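Asker: how does the following fold in three dimensions:
(2 chains)
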Protein chains: 2
Amino acid sequence: MLIDIMYCGVCHSDIHMVRDEWGGSIYPLVPGHEIVGKVSRVGMDVKKFKAGDLAGVGVLVDSCRTCTSCKQGLEQYCEVHWVPTYSGLEMDMKTVTYGGYSNQIVTDENYVLHISEKLKLEGVAPLLCAGITTYSPLRHWKVGTGHKVGVVGLGGLGHMTVKFASSFGAEVTMLSTSDSKRVDAKRLGAAHFINTKDDNALKQNKNQFDIIINTISATHDINTYVSLLKLDGTMVMVGIPPEDPSFSVSGLISKRKTIAGSMIGGMKETQEMLDYCAEKNIVSDVEVIAMKDINSAYERMIKGDVRYRFVIDISTL
Amino acid sequence: MLIDIMYCGVCHSDIHMVRDEWGGSIYPLVPGHEIVGKVSRVGMDVKKFKAGDLAGVGVLVDSCRTCTSCKQGLEQYCEVHWVPTYSGLEMDMKTVTYGGYSNQIVTDENYVLHISEKLKLEGVAPLLCAGITTYSPLRHWKVGTGHKVGVVGLGGLGHMTVKFASSFGAEVTMLSTSDSKRVDAKRLGAAHFINTKDDNALKQNKNQFDIIINTISATHDINTYVSLLKLDGTMVMVGIPPEDPSFSVSGLISKRKTIAGSMIGGMKETQEMLDYCAEKNIVSDVEVIAMKDINSAYERMIKGDVRYRFVIDISTL
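Answerer: Modelled structure (predicted):
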């Protein structure tokens, strides 16, 4: 499928990849894996899309399709190889992929999502990474009514976690070091706000949460958050700090707590999330920028100065 | 209930407590929380035991009895206070408890276990701590036929993990830094043995295990073991290393892995385990010692020179 790209979200990983901060970046490099556009043309075997349809492309564009994970719709955990949307290798392990900071992309229909006409497209783009990364663990750990959910970090991932968890009926608490986030957290759907620098508040909320989604990708002390989990509670890491965090083993043992990781979502679940968002009118809060402003956008993101996702209007490219 | 103690297992935590290595030890201190004996006399309201019955006492001797955890039979996760068998405080928060390196102990019947006449009593004593500590997580994470279980560390806890997991029908692999453990691991029920210093073996076994029970209480790199877990696999920590271990977040995220902790077991589950052991003829491998040899036993334990638990014959006291 040939897709004319309309919007592309700017993910924090784009900065790491552009600057080769994780190693392994392949230059020349075209970032972008939160892509929304319109189908321009389709190959003769394409069944699921036709020219003119809206289409989305997320973090992965192919996988082995035959392993146990792929057959379960968990392509992101493919046991052979999955193909990143940019700066990765296709299944031939030779051809480099290029992402969404671009007018067009060619992708296999099995790795393209249907996008509803109902939603603002610029707000849909970040759902393809920030959205599914937070939707998937909330679904996997069966979050719903009666659950107390903590959210650490109010950025691209964090604001989507608050929206999803509250829409699932959970009682959401924003855990933040900054009181300035209080108003926004409540506007997004959080019932409570805890300033994690307030020792008294931490003490009062010890062993209270069923699940905490930790979206912070900076170095931080995770024991503070683990202490807030109740018996059998789970903290899910969806951000990757630059240094390996350490944890108190007795802190886990004392209430059979767990620390988990979760990565984006498979094609089936990503489509389910997009359909859910269309039904519930959920999109990302975005600031639309022109292509020429990308470098200053990166600088602002590093400072945390974006509410809550930059999205490039690709018509400005 | 007044119990005449016959055997008391020697747990590694006894050494830490005697030497106040964790802080908080209360002197004079009588260690021992793997207690097997015979009921001497019972109070007039005791219903479940009579004089002459065999009886066991484990790591805890009381709890609040009213919180959600206690009502679920999870007294070890009591939300108010649970009373350690020794060097702890009773529910009055004043009276000090004294443990099983002793001729007698007085305990509430609700915190005493029934012991079968079928098993060798010296082998039963360590079930009260080492046994339940490993049985409980294997049951909680529903280990059985078709599961691949890794066991890290072949000591008191590790050898019980191998016995239980293999008896549940799981395919057990001993993960050890020392080839000298190979023969014993297989004798205890392990189907496989991996020397974790062998990089090639680690590579071949990447993403293979459903669950790994980590019994090591020394400082060690846990990422080696996490890498062996498969999609949705869990490593359960049951030992407490002196330093907080660190973990690779991307290692967890890449296959939605989890790290958990688990602590002993509740009264109901401990009884279930003892009944299961009687049915399946499972006991701990022990070396019986006289009371006078306790100090040299501690020295040998610190060197790992015991297969796999010292048990004191209390008639020598």
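Asker: and A:Ile302, how far from chain B?
Answerer: 20 Å (CB to the nearest CB, to the nearest Å). (Glycine included, C-beta is placed from N, CA and C.)
Asker: what pLDDT is listed against the closest residue in space to that residue that isn't next to it in sequence?
Answerer: Excluding the flanking residues, the one nearest A:Ile302 by CB to CB, 6 or more residues apart in numbering or on different chains is A:Ile15, at 7.0 Å. Listed pLDDT for A:Ile15 reads 95.
Asker: hang on, isn't A:Ile15 packed against A:Glu299?
Answerer: No: A:Ile15 is beyond contact range of A:Glu299, at 9.6 Å (criterion: CB atoms under 8 Å).
Asker: the two: which has the busier surroundings?
Answerer: A direct count of neighbours by other CB atoms under 10 Å in any protein chain shown for A:Ile15 and A:Glu299 places A:Ile15 higher, at 16 against 10.
Asker: quick one: which helix or strand includes the more buried one?
Answerer: Here A:Ile15 is covered by helix A:12-18, with elements defined by DSSP states H and E.
Asker: excluding its backbone neighbours, what's nearest the closest residue to chain B within the stretch 1-150 of chain A?
Answerer: Nearest to chain B in the stretch 1-150 of chain A, going by CB to the nearest CB, is A:Tyr77, at a distance of 5.1 Å. Closest residue to A:Tyr77 apart from its sequence neighbours, by CB to CB, 6+ apart: A:Ser69 at 4.3 Å.
Asker: excluding residues flanking it in the chain, which one is nearest A:Val83?
Answerer: Nearest to A:Val83 is A:Asp62, by CB to CB, 6+ apart, at 4.0 Å.
Asker: for the helix holding A:Ile15, name the packing helices and strands.
Answerer: For helix A:12-18, the elements it packs on are helix A:294-302, judged by 3 or more CB pairs under 8 Å, 6 or more residues apart in numbering or on different chains; DSSP states H and E.
Asker: what mean pLDDT does the helix or strand following the helix it packs on get?
Answerer: Next in sequence after helix A:294-302, counting helices and strands by DSSP H and E, comes strand A:309-313. For strand A:309-313, mean pLDDT is 98.
Asker: identify the residues contacting strand A:309-313?
Answerer: With CB atoms under 8 Å, 6 or more residues apart in numbering or on different chains as the test, strand A:309-313 has contacts from A:6-10, A:32, A:34, A:101, A:122-123, A:125-126, A:130, A:156, A:284-291, A:294, A:297, A:300-301.
Asker: next up, phi/psi of the nearest residue to A:Met273 once chain neighbours are set aside, please.
Answerer: Counting by CB to CB, 6+ apart, A:Met273 lies nearest to A:Tyr135, which is 4.4 Å off, once chain neighbours are set aside. With angles defined as degrees, to the nearest 10, A:Tyr135 sits at phi -60, psi -40.
Asker: report the buried members of the contacts of strand A:309-313.
Answerer: A:6-10, A:32, A:34, A:101, A:122-123, A:125-126, A:130, A:156, A:284-289, A:294, A:297, A:301 (16 or more other CB atoms under 10 Å in any protein chain shown).
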